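Engineer: Okay, predicted coordinates and the sequence, questions at the end:
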There are 2 protein chains.
Amino acid sequence: MANMKDIAKIARVSLGTVSHVLNNSANVRPHLRERVLDAVQKAGYQPSQLARGLRRDKTNVIGMIIPDITNPFFPGVVRGAEDTAFANGYRLILCNTDNDHAKELAHLKELQTYLPAGLIVIPSNFSDLTAQAECYRKAGTGVVCVDRLPRNWAGDSVTADNQEGALEATRYLLQVGHRELAMIVGPQHLTNAKDRLNGFRKAIREAKLHVKPEYIQETSFDKNGGYTKALILLRLIPRPTAIFAGNDMIALGVLRAIRESGLRCPEDVSVMGFDDLDIAELTSPPLSSVSQSGYQLGTTAAHILIGRLHGDKNPARHIVLKTSLSIRNSVAAPTDMGVS
Amino acid sequence: MANMKDIAKIARVSLGTVSHVLNNSANVRPHLRERVLDAVQKAGYQPSQLARGLRRDKTNVIGMIIPDITNPFFPGVVRGAEDTAFANGYRLILCNTDNDHAKELAHLKELQTYLPAGLIVIPSNFSDLTAQAECYRKAGTGVVCVDRLPRNWAGDSVTADNQEGALEATRYLLQVGHRELAMIVGPQHLTNAKDRLNGFRKAIREAKLHVKPEYIQETSFDKNGGYTKALILLRLIPRPTAIFAGNDMIALGVLRAIRESGLRCPEDVSVMGFDDLDIAELTSPPLSSVSQSGYQLGTTAAHILIGRLHGDKNPARHIVLKTSLSIRNSVAAPTDMGVS
DNA sequence: CTTGTCAGTTGAAAGCTTTCAAGTGCAATC
DNA sequence: GATTGCACTTGAAAGCTTTCAACTGACAAG
C-alpha cells in the first residue's frame, strides 16, 4: 500500500500539504490540492487508520458492548448503531458480555488500548460502567448508554419509555376487563425491568386496584424464567386472568406454560409481552406486545455519540423513545370462570 | 496511560527488555523479568494496540463481514466467531453488507486500513471476494469464508453440508408418502441455495420421480419471497402436497400463504424448512427443519483463521459441518385428496 | 593472560500520520 | 525599490511499539 510519503512525492508537495488536503485542515491552493487528489486517486491511497489513530490519540472505531447478540432484541440495536456509525466513517467493534459485569469490565479495559472514539453500551447486570466511563471521559472518549442504565448513570443515554409503555399496556388489559393481573418482571436491578413494573403498578393504582405480592414474579429476561414463573402463577387461586410478561422472551415461556397446563390463551389467560420482536407475530396466538424499536435505539445512540465527537458540549442528554402497543390475539376479555 | 518508556524507567531496564518480557521474544533473566512485570502491574500498563499494530503491520482485530445481523441466522455465527476470537485475544469489527456486493467491496477496502489480522466473511450476492481476498492474502491476512462461497473460492471455508441436509429432508418427505414435492429455493447464485436444490433433486432421482419445473421456484431468502412463491405453488394443479423451503424465513412465508389460502398445514400441505432457527418451534404448526449450527460455523471459522495466524501453512481447508433433521409437526402424510 | 563464545541487554530506527513552528514567495504599500 | 504583511507550504517532531544490529560481561578454553 502506498503511504503518504509516496503521495507527497507523486504530487510534488510536502507531507504536510498532503495531510492538509486530506483533512481540510488548512487552505491549500487549488492546483496543489488537485495534484494531491490526483495522486491519491492514481495510487489508490488510503490513510493508515493506525498511524492516524496513534498520532491523534483517537481512532474511528466505536466500541459496542452488549449482553448477547444472540438475544433477538439486540441485533436491531447493533444494526442501527452500525448503520449510523458507518455513514459517518466509524467502525464498530462488537463485544458480548453475557450480562456478566466482570466480562464487561474486561472489555472496557481492553478496548481502551484501541483508543476508540466512543462507546455505546448496553450495561450488564450490576454494571460498573459509571466508574469505568469516567476513565474514558477523561480521555475525551464519549460513552452513551442504551436500553438500560447502570447505577448512578449521569451521562448520555437512550432508552425506551418503559414505564409509559407498561402503563399503556396495563391500561389496555384493564380496559378489556381484566382485574386479576399478574406480571412476570425482569431482574429488578435493571432499570428497564423496574420501569416496566412501575408502569404496571401505576396503571393498577389508577384503577384503584390492588395486586397481591405473589402476583408479581421476578425472573431473568428469558424463556425459561417466564416458563417457570408462569407455572407458579397459573397454580394460584384465584388464577390471574392476564399475565403481563416483562419482555417477549418471558412471554414465550408463559405461552408454553399455559399450553402445558392444559389452558388456552387467550380464553383462559391473556398474555401481553414487551419489545414486540419479530417472533411476536409467529406465536400462537400471535402475541400482543409493547413495541419499541431497537434499531432506533441504536441509531439515536450513535447520533448522540457522533455529535459529542464533533464537539457537542451540551449537558448529558437522556433520550426516551416512545413505545406503542401492538395488539394481536393473545389478549381477550376474561371469562367469568376465571374470576372467583 | 503509562507507556512502555515509563515501564522501562520504573523497572530500570531498556525499552527492548520490556518488549521482550511482554512478548516473550527473548530470554530475559528472571530478576529483570520480575522487575518489569511488577512495574507493569503497578502502573496498570496496557500496550497500545495501535502502536503495536503500526509497527507489526498487523493488529489483533478480525474483520467480520456478514449480510445483516438482523437476519436471525447470523447472530449465532457472529457470536461463535466473537467467542473464539476473544478467547484468543482478538476483537471483532462487524460490518453489514445487506447482500450488496458494492457495500461489501467498500468494507473490504476500508477494513484494509485497519490492518486486520484476518477476515471472516459471509459473502454477499455476486461477491467479488475472491479477487479482493487476494490483496489481503498478499499482505499476510487470512480470509475465511463462511456459510456460502463466492465464485471460484479456493481459500479456507466453513459451510454446512447443505446438499446432504436437503437430501435427508427430502428423503424424509418421500418416506412419509409425499410424491408431489415442490421446493422454493434461495437465490441460485448462492452456493448454499444451490446445494440445497441439488440435494433435493438427488433425493427425487433416487426415488425415480420427476419434478415439474414449475414446482421449483426461486426467490430471495426471506419471508416475503416465500409467501409470494408459495401462493404460486398452491394454485398449481395438482397442488404439491409438500413444500420444501430453502430456509426457515421462506418457510414462514409459506406457512402464511397456506393459512391465507384457506388451507391447513400439515393436513393439506406439509412444510419443511432449513436452518432450524429458534423461531421454528414457535410457528403453528411447529416447523420441521434441517438443523445447522450457526454458532459452530462461527467458532470453526475463527479457529481456522487463528490457526493461520499462528502459522498454519497447510493447503486450504474446506470444512463441511453435519446437519441434522429437526422433526416437528409441519410435515404429515399426504391425504389422498391432495393427489389428483 | 588472552581470546572466543554466548546469553542477555541495549538503544536506535522504522512504521505512518498529524501538527506546529518556521520558512517561502508574492503583492501591496510607502 | 525596500518593507511589511499575508497566505500558503514545508519539514521535523511526536506518538508508542517492535526489531535488529551492536554491545556487555561472564565464563571457558587455550
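Structural biologist: All right, it came through fine. Every value quoted in this text rests on a predicted model; they were computed, and no experiment measured them.
Engineer: contacts and neighbour counts: CA atoms only from here.
Structural biologist: Noted.
Engineer: tell me which parts of chain A are close to DNA strand D?
Structural biologist: Counting by Cα under 7 Å from any atom of the strand, the positions of chain A adjacent to DNA strand D are A:12-17, A:26-29, A:32, A:51-52, A:54-55.
Engineer: of those residues, the lowest pLDDT goes to which?
Structural biologist: Sorting those by pLDDT puts A:Ala26 at the bottom of the list (87).
Engineer: nearest residue to A:Ile259 other than its sequence neighbours?
Structural biologist: If you look again at residue A:259, you'll see it is Arg, not Ile. Counting by Cα to Cα, 6 or more residues apart in numbering or on different chains, A:Cys265 is the residue found nearest to A:Arg259 once chain neighbours are left out, at 7.7 Å.
Engineer: for the strand or helix carrying A:Leu108, packing partners?
Structural biologist: Per DSSP states H and E, A:Leu108 falls inside helix A:101-112. Judged by 3 or more Cα pairs under 8 Å, 6 or more residues apart in numbering or on different chains; DSSP states H and E, the packing partners of helix A:101-112 are strand A:61-66, helix A:129-138.
Engineer: rewinding a little: now, the most widely separated pair of the residues of chain A next to DNA strand D?
Structural biologist: A:Arg29 and A:Leu54 (28.4 Å; Cα to Cα).
Engineer: The two: which is more packed in?
Structural biologist: Using other Cα atoms under 10 Å in any protein chain shown, the more surrounded residue of A:Arg29 and A:Leu54 is A:Leu54, with 20 against 10.
Engineer: which ones are touching the closest residue in space to the more buried one that isn't next to it in sequence?
Structural biologist: Once its chain neighbours are removed from consideration, A:Leu54 has its nearest residue in B:Leu50; the separation is 5.9 Å (Cα to Cα, 6+ apart). By Cα atoms under 8 Å, 6 or more residues apart in numbering or on different chains, B:Leu50 lies in contact with A:Leu50, A:Ala51, A:Gly53, A:Leu54, A:Thr113, A:Tyr114, A:Leu115, B:Thr59.
Engineer: try 10 Å
Structural biologist: By Cα atoms under 10 Å, 6 or more residues apart in numbering or on different chains, the contact set of B:Leu50 is A:49-55, A:57-59, A:113-115, B:56, B:58-60, B:114.
Engineer: Likewise for A:Lys103?
Structural biologist: Contact analysis of A:Lys103 by Cα under 10 Å, 6+ apart lists A:Pro67, A:Cys95, A:Asn96, A:Thr97, A:Lys109, A:Ser124.
Engineer: Would you mind listing what in the stretch 151-300 of chain A touches chain B?
Structural biologist: Residues of the stretch 151-300 of chain A that fall close to chain B, judged by Cα under 10 Å from any Cα of the partner chain: A:Leu252, A:Arg256, A:Asp278, A:Ile279, A:Ala280, A:Glu281, A:Leu282, A:Thr283, A:Ser284, A:Pro285, A:Pro286, A:Tyr295.
Engineer: which residues of chain A score low on pLDDT?
Structural biologist: Low-confidence regions of chain A, defined here as pLDDT under 70, cover residues A:336-340.
Engineer: For the residue nearest in space to the middle of it, which non-adjacent residue is closest in space?
Structural biologist: The residue lying closest to the centre of chain A (Cα atoms, centre = their mean) is A:Asp147, at 4.0 Å. Ranked by Cα to Cα, 6+ apart and with sequence neighbours excluded, the top spatial neighbour of A:Asp147 is A:Thr159, at 4.5 Å.
Engineer: Torsion angles phi and psi at that neighbour?
Structural biologist: Its backbone dihedrals place A:Thr159 at phi -140, psi 170, with angles given as degrees, to the nearest 10.
Engineer: still on that earlier bit, from the residues of the stretch 151-300 of chain A next to chain B, which is closest to DNA strand D?
Structural biologist: Relative to DNA strand D, the closest of these is A:Tyr295; by Cα to the nearest atom of the strand it sits at 36.0 Å.
Engineer: mind listing what the closest one touches?
Structural biologist: Applying Cα under 10 Å, 6+ apart to A:Tyr295 gives the contacts A:73-83, A:301, B:70.
Engineer: Buried among the contacts of B:Leu50? Make that a ChimeraX selection.
Structural biologist: Per 16 or more other Cα atoms under 10 Å in any protein chain shown, the buried members of these correspond to this ChimeraX selection:
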select /A:49,50,51,53,54,58,59,113,114,115 /B:58,59,60,114
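Engineer: residues in contact with the closest residue to A:Phe126 other than its chain neighbours?
Structural biologist: For A:Phe126, the nearest residue in space outside its immediate sequence neighbours is A:His101; the separation is 6.2 Å by Cα to Cα, 6+ apart. Contact analysis of A:His101 by Cα under 10 Å, 6+ apart lists A:Pro67, A:His107, A:Pro123, A:Ser124, A:Asn125, A:Phe126, A:Ser127, A:Asp128, A:Leu129.
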